[in-house]
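In: Sequence and predicted structure, then a few things I'm wondering about:
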Amino acid sequence: MFCSDDAGRYWLSRTGGRAAPELFPELLGAYRDLATLATGARSLISLGPGDGSADVELLRVLSGPDRPLEYVGMDINRVLLEHVLARTRTVARSTGIRMDFEGNGGTEWIRAAPGPRLVSLLGNTLGNLDVDEYDFVAKVTGALDRGDCFLVSLACGRFSEQDIADRMNGLSGLRTLLANGLLSSGVVATLDEGEKEVQDAARVEAGTSDIPGCSALKVVHVPSGRRLLNVRRYDPASFSAWMASTFGLLLVDARCVPVPDTTIAVGAWLFRRCGTRCFDGSGWRRRR
Ligand SMILES: C[S@@+](CC[C@H](N)C(=O)[O-])C[C@H]1O[C@@H](n2cnc3c(N)ncnc32)[C@H](O)[C@@H]1O
């Protein structure tokens, strides 16, 4: 869905190239508070920076006169990546990697960055991925060394019947982005055709999640059977417990920020790898 240049331009047009609508001041404040606890980080590795608003804030907190920072932004979208690099270059030594990180979690780039590292996965990106949460988080956190931190933010709450109806009606708001998914996967030949297909043939159905307490929906293109979008909302306490018990991470601190005019909140968590063991996708092994 996020692959094409059109999708990137659409995203930036929604955010106006400034703070994304969901990045209201309280949320940026929460990210800043949590970033100050990632003391001594020498690099920020961002999985899916979007328009980069959050990352610029994080870099400002982490950088100091005697602390040169490395920034690595990984995104599937070329337009977004170029936009982000233009913004972050003024604050840090920046590298952009255009890739689909769902396969391996971007782990080679996480490992290549200087430690201690702060790895970020913000704006409910985990809740929108095609892959299951467990596989993805296992790979990302398996690449962390002792002292590295992981900052993640998710939409929190549950879908109600009304939400589902609103989402159906609200598909119009997302139509261009969803239509790009159909276009980039070859299901339709033009964006116009894709927009019409989304309007006529996209349906909201129950989705899936690995994480207890999660409420999940998916948007499906009925004729092709293609899943266009996952939308998941999480229960904050269950998510913290799942992260700590499944991956052995220490919860450093968390924030929960209500989203104005909605029934959801954004939860943000900072975890630290403290132990000497790591999870490599198939089991626990001792770090050297
Ligand atoms: C929901 S947006 C979040 C943006 C930003 N982190 C924020 O908090 O506003 C998801 C971002 O992840 C990128 N993305 C989504 N799936 C991806 C994938 N499989 N590989 C690489 N980037 C992906 C999108 O292009 C977009 O920049």
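Out: Arrived safely. Predicted model only: the values in this text are computed from it and were never measured.

In: Name whatever forms a beta bridge with the closest residue to the ligand within the stretch 151-288 of the chain.
Out: Closest residue of the stretch 151-288 of the chain to the ligand, C-beta to the nearest ligand atom: residue 153 (6.7 Å). For glycine as for every other residue, the C-beta is placed from the backbone atoms N, C-alpha and C. Residue 153 has these beta-bridge partners by DSSP bridges: residue 268.

In: doesn't residue 198 fall inside a helix?
Out: Yes: assignment of residue 198 by DSSP: H, G, I helix; E, B strand; the rest coil places it within a helix.

In: now the helices for this protein?
Out: 5-15, 25-36, 53-62, 78-88, 107-112, 125-128, 133-142, 161-184, 191-201, 236-247 (DSSP state H).

In: Compare those and give me the one nearest residue 216.
Out: helix 125-128 (8.1 Å; C-beta to C-beta).

In: Give me the helices and strands touching the closest one, please.
Out: Here helix 125-128 touches helix 133-142, strand 149-156, strand 226-233, going by 3 or more C-beta pairs under 8 Å, 6 or more residues apart in numbering; DSSP states H and E.

In: Restricting the selection to alpha carbons, write that helix to PDB.
Out: Listed next in PDB are the C-alpha coordinates belonging to helix 125-128 (Å, rounded to 0.1, in the frame of the first residue of the first chain):
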ATOM      1  CA  THR A 125       3.300   0.700  11.900                       C
ATOM      2  CA  LEU A 126       3.300  -2.600  13.700                       C
ATOM      3  CA  GLY A 127      -0.500  -2.600  13.700                       C
ATOM      4  CA  ASN A 128      -0.600  -2.100   9.900                       C
END
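
In: what's the distance between the residue of the stretch 151-288 of the chain closest to the ligand and residue 68?
Out: 26 Å (C-beta to C-beta, to the nearest Å).

In: Tell me the confidence at the residue nearest the centre of the chain?
Out: Among the residues of the chain, the one closest to the centroid is residue 125, at 2.5 Å (C-alpha atoms, centre = their mean). Per-residue pLDDT puts residue 125 at 95.

In: Residue 132 now?
Out: Predicted confidence (pLDDT) for residue 132: 88.

In: residues in contact with the nearest residue to it once chain neighbours are set aside?
Out: Distances taken as C-beta to C-beta, 6 or more residues apart in numbering put residue 210 closest to residue 132, at 5.1 Å, once the chain neighbours are dropped. For residue 210, the contacting residues are 132, 133, 134, by C-beta atoms under 8 Å, 6 or more residues apart in numbering.

In: What is the neighbour count of the closest residue to residue 147 other than its chain neighbours?
Out: The shortest distance from residue 147 to any non-neighbouring residue, by C-beta to C-beta, 6+ apart, is to residue 116 (4.5 Å). Residue 116 has 19 neighbouring residues, counting by other C-beta atoms under 10 Å.

In: Angles on the backbone of residue 116, please.
Out: Dihedral angles of residue 116 (phi, psi; degrees, to the nearest 10) stand at phi -70, psi 150.

In: nearest to residue 269, of the helices of the chain?
Out: The nearest among those, by C-beta to C-beta, is helix 236-247 at 6.3 Å.

In: Contact distance from the ligand - what residues of this structure qualify?
Out: 2, 20, 23, 48-50, 54, 74-77, 80, 100-102, 122-125, 128 (C-beta under 6 Å from any ligand atom).
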